[in-house]
Each structure stands twice: as structure tokens, then as C-alpha cells.
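**Q** Below is the sequence, then the predicted model.
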There are 2 protein chains.
Amino acid sequence: MEKIYATIITIGDELLIGQVVDTNSAWMAQELNKIGIPVLRRVAVGDLWNEIWDALDEESKKASIILITGGLGPTADDITKPLLCKYFGGNMIMHQPTLDHVTHIFEVILKRPMIERNRKQAEVPDNCKVLKNEKGTAPGMLFQKENKLFVSLPGVPHEMKWLMQQEVLPIIISIFKTNFIEHRTLLTYGIGESFLANRIAITEEALPSHIKLAYLPNYGMVRLRLTSSGTNKALVHSEMEYHFEALKKAVGTYLIADQDLTMEQIVANLLIDTKSTISTAESCTGGYMAHLLTSIPGASAFYKGSIVSYSNEIKEKVLKVPEEILIMQGAVSEATVIKMAEECLQLMNTDYSIAVSGIMGPDGGTNDKPVGTVWIAVAHKNEVKTLLIHLRYNRGRNISLTAMNALNFLRMLIVDNP
Amino acid sequence: MEKIYATIITIGDELLIGQVVDTNSAWMAQELNKIGIPVLRRVAVGDLWNEIWDALDEESKKASIILITGGLGPTADDITKPLLCKYFGGNMIMHQPTLDHVTHIFEVILKRPMIERNRKQAEVPDNCKVLKNEKGTAPGMLFQKENKLFVSLPGVPHEMKWLMQQEVLPIIISIFKTNFIEHRTLLTYGIGESFLANRIAITEEALPSHIKLAYLPNYGMVRLRLTSSGTNKALVHSEMEYHFEALKKAVGTYLIADQDLTMEQIVANLLIDTKSTISTAESCTGGYMAHLLTSIPGASAFYKGSIVSYSNEIKEKVLKVPEEILIMQGAVSEATVIKMAEECLQLMNTDYSIAVSGIMGPDGGTNDKPVGTVWIAVAHKNEVKTLLIHLRYNRGRNISLTAMNALNFLRMLIVDNP
């Protein structure tokens, strides 16, 4: 069986001047992998006729499925639709169902008059299959040429995702017989990439050639991912189980999850499993821990709230940190985070609390306490534990790493108090 | 003068299975554009010998500068370095300055024994210029072949950025004589892309062919970007000024900023200009507004804190929302957000406050108050204004849009109370 590959072409000048980060491709790649279609390449090109044309030529030489996003909005910088029409040798026609849909959106939902630009969104090449976009005005378009499948989708993420799930993925499954692909990921914390590699060397060497191992370091964690594929789903799966278990064993005490979860999801799962609640008292993370935890659907089961005490006044007034501590030991001190964690536990009436105070930069550092100095406290009933860390990155990364360290410190407290 | 283009190749299976979002390319593209090097294409390939080799061949046909990131870590899934060595016809040698640097990192900074894998990071092809990576163990490598410049950088974002700024960009500037590129961006709020396009049609048609206009819709805002280039910097600039002013005038009342700023930065600038302070009381955004505002360096000048009252208990206990209101009108009600905003203003002692309460999904909706129902209040001294919005997206997008709407609502309050 010939291997079926996909390639993703994203169109838009904004991608090439760096004004937006492309999150669409990553999501599309995930979904394609789930149905057994590996992605061979991803290419971003600007709103330039020749570049788009060449990309269609080149990518279709390499892959059987060519997914295209972007370049379909109502405004004048869009050349993708006429180009596709010409590339596949068609003529533009008005597509009545799409026009009805666009009209409905304007008249019934937006209650605004429709203008010519919106009408034009209902024009499509006469040689494509039109994919109805329930989430917006630009339809998807599907072309077939020399056994290759080309799909053009709008670049707005929620519209693209809806069309992929409702239309594109089912069509791909129905056309292509695909290899079964399985990924398994585990998370480690507290061990560097190279030491981890040494630790698991024997297990890694024992992997058959069709199972690949990847190291994905990220914010103090290293994810290990095994990827296997084959035609026999049961065989791929049982073989994967065997090697994944061996890998878990080799990783040993550094293992923190045997799924690809975020640190906040790991903590949330522990809290849900133990029917516990948590609150946070955040100075330097400025609400970021609260945001991570409340981004999880159903967060109200374990999360009650946060006091973001960015100014010292709030630390004193709301979190009852004594003025003497703030003056004598400073806002970034062990005594301050202990008080913050204790008062937060009380005020929020939760089983656990986390408090952080630190200097994220670029300004605010002193000789005693340079940028990157962070105190963390985690509390549980009558017990408070503290941790001092020193970070050395920019503001955004320091905030993220503080949250990761604090959540992991809480994770260890929960695991140690079953 | 022949036009100089760059192309960016990112290497790593994790990009093709969608496990990580590529933020490096966007940043690199921004930096290259600033020095007048347009990026023609971005390509992501997996850890596959032939794919990387072909990408080097193909991209170097199209561009003079080929930047490569990823594939240089200490672990076994990395094939990039030996491939580059062979591609440019070199031999691997131990690079003593890099070995000294890696040894220093392990012995002095990490205080851990160095293992063979770490030593190997100091091996480089003998035909490259080694770029010292002060931020990590994997050095950058620079190759020249047939008047093309190839640079290989580690994929860890802060290491890549440091090497770009310290080494790569100065080298590019010294080698290539580049066109001057200018971008100007303005932000609009409250008008859809197609209506905006109609509004500015005459101004758009008057643009010379070498000035391009792009529409970049994002979370209720549409950014308009003009891009121009030429050899004469003064000419490019004066022409840009003229057309940018015309565009601002055409946009009229929908203009909210004449720079490419985030909504939180616009609000922060207004607060700093008026020497005002703000606090937030957040239910459904769960600390996300606090996070946006405190991500801005120097946030302590205008931001004091947030009460993230995710549970009703905290709304009652900390924000003094009367039990009757929570029972009779509910946590998602105008009365609740008014009380939250008023108490927050008092408790935090700030000039302005924002309060939000809503249902972000996927669960928690009712017939009366479906998912996406959000109440917003902004307060200033004795004045409180409220806004009811209805969102229809997923949880993450609903949280972001609530924050954008709330920040814009505050922006209008500040602008109206000069």
C-alpha cells in the first residue's frame, strides 16, 4: 500500500511578517494524525499569486492530500479563490445555497445590511465541491485532480475547525485507506533532556525501527513521545503498550503523567480525584495560575478563587500580611508567601492554597533580590511548605515558569498527603 | 538590485503531529522584516533525512538566506547536525571553545556531571562558523554556499532569540544590502471586515501598487496594515506617512490605536497617561484580565490587583455581593457585576474597576442564560456602567472575547471621562 501523506499550506502575508502565530497548522496536524494521515510538511506563503501557485504544484508532488487555509476573507487582499479557480481550470459562479446562507447570517443573525463584498463570498469555482461553513460566511472548497485531494478552508480558527470536523475529516476517511498511527506520550519533571536520555538508553535501543521516540522539553518538563504505525491496529496497539510500559519503568520516579497533559490538568485531576479544593494568592504571576486552572472545563469543582495582590497594599489589606514583614523582609520573602498562603486558605476556605511572590523583570531587581527571585508557598491545613527559586529569563517566561514550579510544588504536596 | 529574500525551515516531528505550536518562525519573521529582509516562505519538516535535505535544496533555490531552527538538542532524535555537515561537505570535529562553554555550564552553573551526550553538543562541522550560544549548550552554525547564507539555530525559543539578536541579524546586515521595508498598523474596533473595507474603499484604491494593505481580524478588532518598501528610506517613509494618515481619516471613529498594540496595552497607556489605577473582579475570566494587564512590564504603575471570585462563596464573602442577589438574580446578572465592580473599587482603592460574570461553557448554560451570556460592569467613582454580551464560541475563545469586550468597555469609559 502506498503511503498517504498530507501537507498543509497556510496563506497570508501576516504569517510572513510574523504578525500572527499560526495555530491552525498544529491543530490540523493533530486531527490528521488521529485518523492515520501523517503530515509530511507545512508551508506558509504570502498573498502572492506565483508563490501560492508554486506551492500547490510542489506540495501536490509530495502528498496526496493538500489542505489550504487562509486567504478567503471578504477583503481585497485575498487572491486565493480566483487562483484556485484558475489552477483547477474552472469558472467562478454564484453558489445559491451559500448566498442564502450568507444572506441569512446578515439579515437574521447580524441584523446588518449585506454589501457586495459579502455577496462575493458566495461565488465559487464551478469545479469544486462546496463545503458549507455554518460558522461564517466563507465556504470551504474541495477539488480533486490526478488522484490528489485539495481542500481550501477559511483561516479563522473556529471556522476552519468546524469545517474540518464536520466535512473534511469524514471525506478523507471515506476516500483514503490509511495506516493506523498511534502516539503515546509521558511527562517527566525535574530531569534534564540529556540525563533522561542516558537513563532510558537501553529501553530506547530496544525499540523496533518503526517506533520512534521523541524528546520534547518544555518549561522544566520533558515529554517523551512514542509513535508507531502499521496496517493492523491491534498489533500496533499491543506492541505500543509493551514499549510504553517499558519506557515508564525506565523513567521511574521522574514520571509525573502517562498522558500528554498540561501541569495544570495534572494538578486538577489530583484535586478532583481527592475531592479537594484549591485557591491561589498571586503577586508576581498576576492571575496566571488562576487563568491556567480556570481554563479547564468544570474548574468550579476544584477551584474557588484567587487574590491577585499585585500591590503591597492588597497584600496587607486583603491577605493580612503584617506591615512589619513587608517592611523588614520585603514583599518577596518567605515570611510574606507563608502569610499569603495561610490567609488565602482561610479566606477562600479551601483544602490547599498556593502563594507566590517574586520579581519577574525587566525592572525591580536589587543586589539582594535580582530579577528572577521567587518565593513559593503551598499550604494544606496546618502545614505550609516553601520553595525559593531563581529564574533567568524574560518576563513572560519567568511568569510561566513560576506558575509551573508552583503547580508542581503543590502536586508534590498532594501526592505526599494522600 | 536583486531582491534578497529569507526562508525559514523549522525541523521537528513535534511540529507535524501538532504537539507544539511554532512561535519561533513568527518572531524570526518580525526581526527579519525590521532589517528589511522579507520572508518568502516558511517550511516545517520532520526529523527525516530526505525531507530536511530536500528542503535545503528547494528553499535555497528561492531565497538567499535560509534560517533553520530545531533538531539540535542532545538527544537521539536529532539528525540535523550530521546532515548539515554532509550537505556542506565537511567533517565533524570537536570545537574546543564550545566544549569549554558546555563544561562550564555543567560544572559551574548546573553543578551536575557532564555526560557523553553533552560533550557531543560541542562537535560541529569543520566548515561552519560556530555561533556561541550563551543561553544553552547547542551552538548555532553558519554556512555559506554559492552566495547563499545558511544558519542553523537551536529550537529552544530563548536560545534562538538570543543568537538571532547577538549574532545572526548583525551578520545578515553586514553581508546583504537590503531594501528598506516599512509597516504601519492601525487598530479598529466595532466594525466588521467587509464594512470596514467599504468604508475605506476610496483610500485603498488610491494606494500605489508597491504599498499593500492587509486586513487582520482578531477578537472583535480588525487591524489594518500598510506595507511599503524601497531603496530610499526617506521616500518610503514620507509616502507611508501620507497614506497612513489618509487611512486613519477614512477609518474615523472606529480607530482605537495608530500602532499595533494589544487591547490591554491600549488600556494601560490610557491609565498611565491619566495617572489612574485599576483593579479587576473576575468570575468567568478567572484571572485572565489580571494576567493580560500584569504581563505588561511596569504594570504596578497602574494595576493593583484582582479578586478572582470563581465560586459564589467568594463573591459573597470577599466582594460583598448580597446573598439575595445571588439567589434571586443569579451570579450572572447585572446586579451581581455592579456589586462586584463597586466593592472592588472600594477594596482595592483604585480609580477604575472592571467586573465580569458569565457562562463560558461547555457546561453551565440554562434556557434563560445560555453558554456565552456575560455581564460586564466598569466603575469609576460614583458611576457604574454595564454591558450584556452574548458569545457563541468555545471556552477559551469565550474567555478571551470577554476580556477584550470588558477592556474595550473600560477604554470607552476612560476616553469619555478625561
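**A** Yes, it's here. Predicted, not measured: the structure shown is a model, and the values here were computed from it.
**Q** Now the host helix or strand of residue A:398: average pLDDT?
**A** According to DSSP states H and E, residue A:398 maps onto helix A:395-416. Helix A:395-416 comes out with an average pLDDT of 94.
**Q** So for stretch A:227-238, what gets flagged as buried?
**A** Along stretch A:227-238, these residues count as buried under the neighbour rule (16 or more other CB atoms under 10 Å in any protein chain shown): A:227-230, A:236. Where you see a C-beta, it was placed from the backbone N, CA and C, and this is true even at glycine.
**Q** what subset of those is also close to chain B?
**A** When contact is defined as CB under 8 Å from any CB of the partner chain, these meet chain B at residue A:227.
**Q** And the buried residues of stretch A:227-238, which two are furthest apart?
**A** By the measure CB to CB, the buried residues of stretch A:227-238 have their two most distant members at A:227 and A:230, which lie 11.4 Å apart.
**Q** In this structure residue A:167 contacts residue A:131, no?
**A** Yes: at 4.4 Å, residue A:167 counts as touching residue A:131 under the criterion of CB atoms under 8 Å.
**Q** so what sits against both of these two?
**A** In terms of CB atoms under 8 Å, 6 or more residues apart in numbering or on different chains, residue A:167 and residue A:131 are both contacted by the residues A:140, A:142.
**Q** Relative to chain B, which of the buried residues of stretch A:227-238 is nearest.
**A** Of all the buried residues of stretch A:227-238, chain B sits closest to residue A:227, with 7.2 Å by CB to the nearest CB.
**Q** helix, strand or coil for the closest one?
**A** Secondary structure, DSSP: H, G, I helix; E, B strand; the rest coil: residue A:227 is strand.
**Q** show me what contacts it?
**A** Residues in contact with residue A:227 (CB under 8 Å, 6+ apart) are A:181-183, A:211-212, A:214, B:13, B:17.
**Q** quick one: is the worst-scoring helix or strand of chain A on mean pLDDT near chain B?
**A** Lowest by mean pLDDT, DSSP states H and E among the helices and strands of chain A is strand A:212-218, with a mean of 83. Yes: Strand A:212-218 comes into contact with chain B (CB under 8 Å from any CB), by way of A:212-218.
**Q** Can you pull the phi/psi pair for the closest residue to residue A:105 other than its chain neighbours?
**A** The spatial neighbour of residue A:105 that comes closest, neighbours along the chain excluded (CB to CB, 6 or more residues apart in numbering or on different chains), is residue A:137 at 6.0 Å. Dihedral pair for residue A:137: phi -100, psi -20, per degrees, to the nearest 10.
**Q** Am I right that residue A:137 is in contact with residue A:119?
**A** No: Residue A:137 lies out of contact with residue A:119 (CB under 8 Å); the separation is 9.9 Å.
**Q** quick one: which helix or strand includes residue A:8?
**A** Using DSSP H and E, residue A:8 maps to strand A:6-11.
**Q** Using CSV, write out every CA atom in that strand.
**A** What follows is strand A:6-11, C-alpha atoms only, in CSV (Å, rounded to 0.1, in the frame of the first residue of the first chain):
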residue,chain,number,x,y,z
ALA,A,6,-0.9,15.3,3.9
THR,A,7,0.7,18.7,3.5
ILE,A,8,-0.7,21.9,4.9
ILE,A,9,-0.4,25.2,3.1
THR,A,10,-1.2,28.4,5.0
ILE,A,11,-1.7,31.6,3.1
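**Q** which strands and helices sit next to it?
**A** Where contact means 3 or more CB pairs under 8 Å, 6 or more residues apart in numbering or on different chains; DSSP states H and E, strand A:6-11 is packed against helix A:24-34, strand A:39-45, helix A:49-62, strand A:65-69.
**Q** now check the shortest one, is it near chain B?
**A** No: contact between strand A:65-69 and chain B, assessed by CB under 8 Å from any CB, is absent, since the two come no nearer than 12.5 Å.
**Q** From residue A:317, how far out is the residue in chain A sticking out farthest from the centre?
**A** For chain A, the largest distance from the centre (CA atoms, centre = their mean) belongs to residue A:324, which lies 43.0 Å off. According to CB to CB, to the nearest Å, residue A:324 stands 15 Å off from residue A:317.
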